[in-house]
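A.B. asks: quick check, what structure comes out for this input:
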Amino acid sequence: MRNIKLTLAYDGADFHGWQQQPGVPTIQGALNDAASKITQEKVFVQGASRTDAGVHALGQAAHFKTQSVLSALEFQRALNALLPPAIRVVAAEEMGPDFHARWQAQGKTYRYRIFRGRVLPPFEHRRVLHYPWPLDEAAMAEAARKFEGEHDFSSFAASSGSEDDDRDRQMVREIYSSEIVRETDREEIAYIVRGRSFLRYMVRKIVGTLIEVGKGRLAPDDIPRLFELRDRSQSGPTVPPEGLYLVSLEFPDPTDSLATSSSRRRSAQP
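C.D. replies: Next up, the predicted model:
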């Protein structure tokens, strides 16, 4: 059985998120259908991140297993021929049997785009949040840094819909970097965050909170207090999905594991 890794880009505007659901278009559903047609097998494509409805991706990672003899490059070409134009396989490669796009991801980077100009260009419709009103961008940048490190993100995540499940969820997450950047060549700011894993709606809730800071309704020094409260009603609103992009995934270097295995074999020799 061969293991094929895909790197994907997609415009999520017309899809009901990543996860396959009956009767509605999803990214995973489109990939499963296309890969199954190519291989004449029942293929299930596993994604690294279950992006929500309307969320986009520049570097989503996924994998599937198959007995097909097609090369990774042939899979890339065949999938792109069958997939809707809003989904593209930008790279494909064969991995070892143990590779898993979701469980082996060591880091994820997201970008949330906020267009600040007075008139939203029509080509950016459903691809950015349009916010033309005044914002204190310096305060937002200061507040963004407060999210770095390991914190309980209960105040910045959506409910699962079950009180019992919410109680049992692990809410602590580590954020490697968190910043507001100004796009100098356009009327736009972006929130860029990198971490190991994220709770549902977490990035969108953080952005909503940063906008509240920009409005002056919250201060940068309120962020530590919100962590302590563990109350999602006290943070900012969940912003719409159209501005959110999964930029990239990070995985272990395969050569590191090979070197480690080789070293262990040598040390085990008498």
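A.B. asks: mean confidence score for stretch 1-20?
C.D. replies: The average pLDDT within stretch 1-20 is 97.
A.B. asks: buried ones in it?
C.D. replies: 2-12, 15-18, 20 (16 or more other C-beta atoms under 10 Å). C-beta here means a position set from N, CA and C on the backbone, and glycine is covered the same way.
A.B. asks: again with stretch 142-149
C.D. replies: Across stretch 142-149, burial judged by 16+ other C-beta under 10 Å covers 142-144, 146-148.
A.B. asks: let's see which of the residues you listed end up in helices.
C.D. replies: Here DSSP state H is the test, and the buried residues of stretch 142-149 give 142-144 as lying in helices.
A.B. asks: and those residues as CSV, adding pLDDT and distance to R217?
C.D. replies: What follows is these, written out as CSV (pLDDT from 0 to 100; distance: C-beta to C-beta, whole Å):
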residue, pLDDT, distance to R217
E142, 98, 15
A143, 98, 12
A144, 98, 16
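A.B. asks: so, low pLDDT: which residues of the chain?
C.D. replies: Within the chain, the ranges that satisfy pLDDT under 70 run 160-168, 254-270.
A.B. asks: domains of it?
C.D. replies: Structural domains assigned to the chain are 2-104, 109-249, following automatic domain parsing.
A.B. asks: what does whichever strand or helix holds E174 contact?
C.D. replies: Using DSSP states H and E, E174 maps to strand 172-183. Under the criterion C-beta atoms under 8 Å, 6 or more residues apart in numbering, residues 107, 137, 140-141, 144-153, 188-199, 202, 206, 210 lie in contact with strand 172-183.
A.B. asks: do that again at 7 Å, thanks
C.D. replies: Applying C-beta atoms under 7 Å, 6 or more residues apart in numbering, the contact partners of strand 172-183 are 107, 137, 140-141, 144-145, 147-153, 189-199, 210.
A.B. asks: stretch 74-88 too?
C.D. replies: By C-beta under 7 Å, 6+ apart, stretch 74-88 touches 4, 8-11, 14, 27, 30, 34-35, 37-38, 89, 92.
A.B. asks: pick out the most distant pair among the residues you listed.
C.D. replies: For the contacts of stretch 74-88, the farthest-apart pair by C-beta to C-beta is I4 and D14; their separation is 25.5 Å.
A.B. asks: and the strands in the stretch 1-150 of the chain?
C.D. replies: 2-10, 46-47, 56-66, 87-95, 107-115, 129-130, 149-152 (DSSP state E, counting those that start in this stretch).
A.B. asks: distance to F251 for the ones you listed - can I get that in JSON lines?
C.D. replies: Shown next, in JSON lines, are the strands of the stretch 1-150 of the chain (distance: least, C-beta to C-beta, whole Å):
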{"stretch": "strand 2-10", "distance to F251": "9"}
{"stretch": "strand 46-47", "distance to F251": "13"}
{"stretch": "strand 56-66", "distance to F251": "7"}
{"stretch": "strand 87-95", "distance to F251": "9"}
{"stretch": "strand 107-115", "distance to F251": "9"}
{"stretch": "strand 129-130", "distance to F251": "30"}
{"stretch": "strand 149-152", "distance to F251": "21"}
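A.B. asks: tell me which of those strands approaches F227 most closely.
C.D. replies: strand 149-152 (5.0 Å).
A.B. asks: that closest one: partners in the sheet, and parallel or antiparallel?
C.D. replies: Paired strands of strand 149-152, with direction, are strand 172-183 (antiparallel) (DSSP bridges).
A.B. asks: quick one: buried residues of the strand it pairs with?
C.D. replies: 173, 175, 178, 180.
A.B. asks: pretty sure L58 is touching L244, no?
C.D. replies: No. L58 lies out of contact with L244 (C-beta atoms under 7 Å); the separation is 11.2 Å.
A.B. asks: more neighbours, the two?
C.D. replies: Higher neighbour count among L58 and L244: L244, with 25 against 15, using other C-beta atoms under 10 Å.
A.B. asks: now the more buried one, what are its backbone angles?
C.D. replies: For L244, the backbone dihedrals (degrees, to the nearest 10) come out as phi -100, psi 130.
A.B. asks: just the helices in the stretch 151-270 of the chain please.
C.D. replies: For the stretch 151-270 of the chain, applying DSSP state H, counting those that start in this stretch gives helices covering 163-168, 202-215, 222-229, 254-268.
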